[in-house]
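> This is a predicted model, with the sequence first.
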Amino acid sequence: MAARSKANRILAAVLIPLALLTLAGMAALWPSGSKDGITLANPYSTAPGVTFDTGTIQSVVNGNCMQETNQQGSGQQGTGQQTPPGQQSSQQGSGQDSAGQAPRQGSDCTFAFTEPDKGGSPVKVVINPDVASSHGVKPGDQIRYLNLSSAQGAAGAQGSPAYIFVDFVRTLPIVLLAVLYAAVVIAVARWRGLRALIGLVGAYFVLANFLLPGLVEGKPPLLLTLVGSTVIMIGVLYFAHGFSARTSTALLGTIFGLGITSLLAAWATDAANLAGVGSHDAATLVNTSANISISGVILCGLIISGLGVLNDVTITQSSAVWELYELAPASSARKLFTSAMRIGRDHIASTVYTIAFAYAGAALPILIIVMLYDRPLMDTLTSSELSEEVIRTLVGSIGLVLAIPVTTLIAVLVVKATGIKAAEGRAGGVPHDDGHVHTEDVADTGALAAAALGERSRRAGVEPVPEPTTRRGRRAERG
């Protein structure tokens, strides 16, 4: 306990000023929350008389788009694109599809007879052609649809759909998965798992109230991300793992890896000209506000995407050093570092694959499209579609790999600075600084064990069974 207190004092001398500096930066960069100058049309805003309703599909039918719209005013367009609800409501009564063209005679559409959750007779909802062809709908599905039946002129407009599919209602499966996830984490990790989940909520608060509004207001992206990520790591690590020398060591390694990742991300964003060209979301942000920097948003994403894995490897490596040290406190610093790095190399090999496959899974649709282009491999990897994912993988992996030896070195220096004497380890027959167990230590250990055995036997009122000494002595006893 005294050794750990000393280690905590050493780490506190470094981390407390760093934490105070981070909090000061957070206070200076805290966004005002003002949305002046931002022009963004909400696709989920509706015109007067138009509502978003939910319901359960009872049956699904296919029919002629033109005949259905002429007979019931609820036909659907023959396109493959989904229009935002705000645009759909503005197009109602025009007899046009989401591409601005009238449905052709004889084209087929999918309709779902849906029972509204608010009650009433089933309504005929038009299903978007892309949803009908890719995923499809079936009885029992819960959907959200646009209700145009009460809008002015909707009922009498020829070819105008009255009920348009918007999205599926996914509340129940997501809630069930979240509850299952929380139950599994708490059952396995217990209180530490519960604290980790609460820490995740705190990280989301920093992300939603500091990082994102700061990017919208045009705060310096590199400094903003560094400060926000450091605050998240301080809160998550200490809240989940408690205040200890192990956690503080992992935090120092995490901050080092975060700094390396930030510098590499800043250089790569500029050198590779990552401007988000070709992205629909980037184009939307550019037209939203003049303060938003797309390259700054990409830079922030490169740093944040590696936080989870970086935290994982540093806390694991710090714990490995402390466990090895407690098993053999007399081991030399070099031997302790070498042993811990064997664990670290295995961790590096596995986590590099983790990062690469995680990003590949997230970008799978893009990968398929690029593959179909049949372009040369180097052109594909450096294209605007994939370059951001490739750089994110490389930057995150470099920061991760460098953080492991640094965390290990810091942990070794801290545990060696605690001042535990080597004699404490040698009393248990552990290796000396030269890595060997000396015979006199084993003899001392055997004597201590024999004395303890005799004392326990006398207390129990039985005679201790003498241990045979040597092979020659046993022969003499038998002779």
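Looks like it came in fine.
> ok, now how distant is Leu409 from Thr338?
11 Å (Cβ to Cβ, to the nearest Å). Where you see a C-beta, it was placed from the backbone N, CA and C, and this is true even at glycine.
> Pick out whichever of those two has more residues nearby.
Leu409 (17 against 14; other Cβ atoms under 10 Å).
> Relative to Leu11, how far out is the more buried one?
Applying Cβ to Cβ, the value for Leu409 to Leu11 is 14 Å.
> Low-confidence stretches in the stretch 151-300 of the chain?
In the predicted model of the stretch 151-300 of the chain, residues 151-161, 276-279 satisfy pLDDT under 70.
> What segments of it are helices?
Per DSSP state H, counting those that start in this stretch, the stretch 151-300 of the chain carries helices over the ranges 171-189, 191-206, 212-216, 221-241, 245-271, 280-288, 294-304.
> Which among those helices is found nearest to Glu323?
helix 245-271 (9.2 Å; Cβ to Cβ).
> hang on, Ile294 packs against Asp281?
No: Ile294 lies out of contact with Asp281 (Cβ atoms under 8 Å); the separation is 9.4 Å.
> more crowded one of these two?
Neighbour totals were compared for Ile294 and Asp281, and Ile294 leads with 17 against 10 (other Cβ under 10 Å).
> Looking at this structure, which strand is longest?
Counting residues, the longest strand found in the chain (DSSP state E) is strand 51-64.
> Can you tell me the strand partners of that strand and which way each runs?
strand 108-116 (antiparallel), strand 142-147 (antiparallel) (DSSP bridges).
> in that strand, what counts as buried?
Asp53, Thr54, Gly55, Thr56, Ile57, Val60, Gly63, Asn64 (16 or more other Cβ atoms under 10 Å).
> for the second one, what are its contacts?
Under the criterion of Cβ atoms under 8 Å, 6 or more residues apart in numbering, the neighbours of Thr54 are Pro116, Asp117, Gln142, Ile143, Arg144, Tyr145, Val169.
> Drop anything exposed from those residues.
Pro116, Ile143, Arg144, Tyr145.
> My guess is the second one contacts Tyr163. True?
No: Ile143 sits out of contact with Tyr163 when judged by Cβ under 8 Å, with a separation of 10.0 Å.
> What's the separation between the spatially most central residue of the chain and Ser229?
Central residue of the chain (Cα atoms, centre = their mean): Gly308, 5.6 Å from the mean position. Per Cβ to Cβ, Gly308 is found 11 Å from Ser229.
> Which phi and psi values does the residue nearest to Leu367 when sequence neighbours are not counted adopt?
The spatial neighbour of Leu367 that comes closest, neighbours along the chain excluded (Cβ to Cβ, 6 or more residues apart in numbering), is Ala360 at 6.7 Å. With angles defined as degrees, to the nearest 10, Ala360 sits at phi -60, psi -40.
> Kindly provide the distance from Pro31 to Val352.
Pro31 is 35 Å from Val352, by Cβ to Cβ.
> Hmm, I typed the wrong one, I wanted Ala320.
18 Å.
> repeat for Thr382
In terms of Cβ to Cβ, Thr382 sits 21 Å off from Val352.
> More neighbours: which of these two?
Val352 (16 against 13).
> just to confirm, which helix or strand has that one in it?
Element membership of Val352 [criterion: DSSP states H and E] is helix 333-362.
> Show me which positions of that helix end up buried.
Those would be 335-337, 339-341, 343-344, 347-348, 351-352, 355-356, 358-359, for helix 333-362 by 16+ other Cβ under 10 Å.
> now do stretch 299-312
Buried residues in stretch 299-312 (16+ other Cβ under 10 Å): 299-307, 309-312.
> list the contacts for the closest residue in space to Val216 that isn't next to it in sequence?
For Val216, ignoring the flanking residues on the chain, the nearest one in space by Cβ to Cβ, 6+ apart is Ile292 at 6.0 Å. Contacts for Ile292 (Cβ under 8 Å, 6+ apart) come out as Leu215, Val216, Gly218, Leu285, Val286.
> With Ile369 as the reference, measure out to Gly25.
Noted for Gly25: a distance of 41 Å to Ile369, by Cβ to Cβ.
> So which elements touch the helix holding Val352?
When contacts are defined as 3 or more Cβ pairs under 8 Å, 6 or more residues apart in numbering; DSSP states H and E, helix 333-362 packs onto helix 307-327, helix 387-416.
> and that helix, how far from the chain's centre?
18 Å (Cα atoms, centre = their mean, to the nearest Å).
> again with stretch 183-201
Counting by Cα atoms, centre = their mean, stretch 183-201 comes out at 15 Å from the chain centroid.
> Kindly export that stretch (C-alpha atoms) in PDB.
Below are the C-alpha coordinates for stretch 183-201, written out as PDB (Å, rounded to 0.1, in the frame of the first residue of the first chain):
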ATOM      1  CA  ALA A 183     -26.900  -7.100 -18.900                       C
ATOM      2  CA  VAL A 184     -24.000  -9.000 -20.400                       C
ATOM      3  CA  VAL A 185     -21.400  -6.300 -19.500                       C
ATOM      4  CA  ILE A 186     -22.700  -6.000 -15.900                       C
ATOM      5  CA  ALA A 187     -22.900  -9.800 -15.500                       C
ATOM      6  CA  VAL A 188     -19.300 -10.300 -16.600                       C
ATOM      7  CA  ALA A 189     -17.600  -7.100 -15.400                       C
ATOM      8  CA  ARG A 190     -20.000  -6.400 -12.500                       C
ATOM      9  CA  TRP A 191     -19.500  -2.900 -11.000                       C
ATOM     10  CA  ARG A 192     -16.700  -2.000 -13.300                       C
ATOM     11  CA  GLY A 193     -18.900  -2.800 -16.300                       C
ATOM     12  CA  LEU A 194     -21.600  -0.600 -14.900                       C
ATOM     13  CA  ARG A 195     -19.200   2.200 -14.300                       C
ATOM     14  CA  ALA A 196     -17.900   1.800 -17.900                       C
ATOM     15  CA  LEU A 197     -21.500   2.100 -19.300                       C
ATOM     16  CA  ILE A 198     -22.000   5.300 -17.200                       C
ATOM     17  CA  GLY A 199     -18.700   6.600 -18.400                       C
ATOM     18  CA  LEU A 200     -19.800   6.000 -22.000                       C
ATOM     19  CA  VAL A 201     -22.800   8.300 -21.300                       C
END
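> So what touches it?
Contacts of stretch 183-201 (Cβ under 8 Å, 6+ apart): Ala182, Gly235, Val236, Phe239, Ala240, His241.
> Please pick the buried ones from those.
In the contacts of stretch 183-201, the ones that pass as buried (16+ other Cβ under 10 Å) are Gly235, Val236, Phe239, Ala240, His241.
> Distance to Lys35 added to the residues you listed, as CSV?
What follows is the buried ones among the contacts of stretch 183-201, written out as CSV (distance: Cβ to Cβ, whole Å):
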residue, distance to Lys35
Gly235, 27
Val236, 29
Phe239, 31
Ala240, 34
His241, 38
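> Quick check: the farthest pair among those residues?
Pairwise across the buried ones among the contacts of stretch 183-201, and taking Cβ to Cβ, the largest span is found between Gly235 and His241, at 11.4 Å.
> circling back to that earlier point, turn the helices and strands packed on helix 333-362 into CSV, including mean pLDDT and distance to Tyr373.
Formatted as CSV, the helices and strands packed on helix 333-362 follow (pLDDT from 0 to 100; distance: least, Cβ to Cβ, whole Å):
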stretch, mean pLDDT, distance to Tyr373
helix 307-327, 85, 30
helix 387-416, 86, 15
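> got JSON lines for those helices, with distance to Arg195 too?
Shown next, in JSON lines, are these (distance: least, Cβ to Cβ, whole Å):
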{"stretch": "helix 307-327", "distance to Arg195": "13"}
{"stretch": "helix 387-416", "distance to Arg195": "21"}
